[in-house]
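J.: sequence unknown, structure follows:
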Ligand SMILES: Cc1ncc(COP(=O)(O)O)c(C=O)c1O
């Protein structure tokens, strides 16, 4: 982690009743995703004219809110997602956390919210992970998922940027996404609903984007698909991303193509990492638009040899069958491809400390 001192000191009020070690071990045996939380959380308040204040590490627990709290009415809320990984020597590593800090600041700017200074964001993570270090799982591919978020707390029903905000950081142990081996997902090309339009909030990680996506995800499930693939809002033709993950396409077994960042996609940190990792492994990379017609034709002709999605939660996930309004097709034989699995392993090895971190991506905590 950075050595620059944050401007605000954290008041440490650890829990007097942390979960007993035996119970914690039981919970960590099968953590699943997003249901179990650690002993502590970090909160920090902001007020216009005062800046950030009252940074506290305290027991995890409910937050009391006035019913008129602005975020509950107008959705001025942003969040991040990153993971802490147990290292072979027992220490803990965070993967490119400064990138989450910067994306959080960009999301804040788009939602007319104050930025959390990068040092303060990183310090909040360090303080929580240090206190809840025993909650970082040791099992291969398990991790501690960290969820920083911030929302408007003005008790006011007028529509304007709030003058007060609450930043909060919670942590949740996460099991391997594919406990029984990597399985390709099937996807639904959504032409009826759009995730983001030019000038909208697509590149911000704000709550409203996810609320608006739920109906399309439900539609995908009705069609028997695991995930929805978002297309551009104007022509419903250009592939953007898949659920909460970015997409990659492999051509001829050696060239990776990923949709360009047009302002309507979330700039994934895993997407960015894979561009570098792929080059390290000797693959060619292209960042450009790709249409659903190209996807279908290239998959059918065999020019496209693999497709996969990537993101913090599931790392790298192969995409098998693709269904849309005008039929369905499968990428290659529908099985996880060689390039997909190579990149997946290369990324996991760096995150879990099994490979040399030549790009300085891993930030050690203890
Ligand atoms: C909509 C969306 N796209 C892509 C991603 C992947 O981003 P990252 O690799 O930073 O986890 C996420 C997850 O944060 C997401 O919610």
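T.: That came in fine, so what should we check first? Since we're looking at a predicted model, the values are computed, not measured.

J.: just for this structure, where's the confidence low?
T.: Where the chain drops to pLDDT under 70, the residues are 1-6.

J.: residues of it that sit close to the ligand?
T.: Counting by C-beta under 6 Å from any ligand atom, the chain comes close to the ligand at 81, 241, 244, 245, 246, 266, 268, 269, 270, 271, 311, 312. (C-beta placed from N, C-alpha, C; glycine too.)

J.: the first one against residue 143, yeah?
T.: Right, the one you point to is residue 81. No - Residue 81 is not in contact with residue 143 according to C-beta atoms under 8 Å; the separation is 11.1 Å.

J.: who has more neighbours, these two?
T.: Applying other C-beta atoms under 10 Å to residue 81 and residue 143 shows that residue 143 carries more neighbours, namely 28 against 16.

J.: which residue is the nearest non-sequential neighbour of that one?
T.: Spatial nearest neighbour of residue 143, chain neighbours left out: residue 83 (4.1 Å); criterion: C-beta to C-beta, 6 or more residues apart in numbering.

J.: wasn't the one you found part of a strand?
T.: Yes - counting by DSSP: H, G, I helix; E, B strand; the rest coil, residue 83 is found in a strand.

J.: residue 174 is in contact with that one, correct?
T.: Yes - checked against C-beta under 8 Å, the pair residue 83 and residue 174 is within contact range at 7.0 Å.

J.: more crowded one of these two?
T.: Applying other C-beta under 10 Å to residue 83 and residue 174 shows that residue 174 carries more neighbours, namely 23 against 20.

J.: please tell me how far the more buried one sits from residue 314.
T.: 10 Å (C-beta to C-beta, to the nearest Å).

J.: spit out the residues that contact residue 83 and residue 174 alike.
T.: Common neighbours of residue 83 and residue 174, using C-beta atoms under 8 Å, 6 or more residues apart in numbering, are 143, 144, 145.

J.: which residues does the closest residue to the ligand within the stretch 1-150 of the chain contact?
T.: Among all residues of the stretch 1-150 of the chain, residue 81 sits closest to the ligand, at 5.0 Å; criterion: C-beta to the nearest ligand atom. Applying C-beta under 8 Å, 6+ apart to residue 81 gives the contacts 100, 145, 146, 147, 205, 312, 313.

J.: could you do residue 178 as well?
T.: 314, 317.

J.: which SS class is it?
T.: Taken by three-state DSSP, the conformation at residue 178 corresponds to coil.

J.: what about it, distance to the ligand?
T.: 16 Å (C-beta to the nearest ligand atom, to the nearest Å).
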